[in-house]
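Colleague: okay, sequence plus prediction incoming.
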Amino acid sequence: MALNSARTAKKQRGKPFEKGQTGNPKGRPKRTQEELDLIAACKAKTPDALEAIESIMLGGKNERNRLSAALAIIERGYGKPVQGVELGGTGGGPIQSINMPPDKFWEIAKTIADEI
């Protein structure tokens, strides 16, 4: 037995909290006054920032910068586009995998791989 075994406790594994007990009883900490001031200052500069981005978009010499500025305006106004991913079985239905024979599984996997 190790000399320090009486002093050190084993790390607890599994579920450290009782059912219904939270690990963060006070919730998320409130923002400090400095954080609130910074957010307010950034919001106050928003019109100037949009004006700068718009001037780059309209008058920039570099096409990449113009595109980045246009995307920045669109994404802040409408949000980034959602990238949809479709994965389905025959006819768009669910993929049947329960009790599926291995040869059928590999046939479906090959079909999906060929489509990609």
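Modeller: Now that the structure is in, tell me what you want to look at. Numbers count the residues shown, from 1 in each chain.

Colleague: helices of this structure, start to end?
Modeller: Counting by DSSP state H, the chain has helices at residues 33-44, 46-59, 63-78, 102-115.

Colleague: which helices and strands sit right next to the last one?
Modeller: Using 3 or more Cβ pairs under 8 Å, 6 or more residues apart in numbering; DSSP states H and E as the contact definition, helix 102-115 packs against no other helix or strand. All C-beta spots, glycine's among them, are computed from the backbone N, C-alpha and C.

Colleague: off-centre distance for it?
Modeller: Centroid separation for helix 102-115 versus its chain: 30 Å, with Cα atoms, centre = their mean, to the nearest Å.

Colleague: give me the mean pLDDT for it.
Modeller: Across helix 102-115, pLDDT averages out at 87.

Colleague: C-alpha coordinates for that helix, CSV please?
Modeller: Output of helix 102-115 as CSV, limited to C-alpha atoms (Å, rounded to 0.1, in the frame of the first residue of the first chain):
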residue,chain,number,x,y,z
PRO,A,102,-24.4,-7.1,-42.5
ASP,A,103,-24.6,-7.6,-46.3
LYS,A,104,-27.6,-5.3,-46.5
PHE,A,105,-25.9,-2.7,-44.3
TRP,A,106,-22.8,-2.6,-46.5
GLU,A,107,-24.9,-2.4,-49.6
ILE,A,108,-26.7,0.7,-48.3
ALA,A,109,-23.3,2.2,-47.1
LYS,A,110,-21.8,1.7,-50.5
THR,A,111,-24.8,3.3,-52.2
ILE,A,112,-24.5,6.4,-49.9
ALA,A,113,-20.7,6.5,-50.5
ASP,A,114,-21.2,6.4,-54.3
GLU,A,115,-23.7,9.3,-54.1
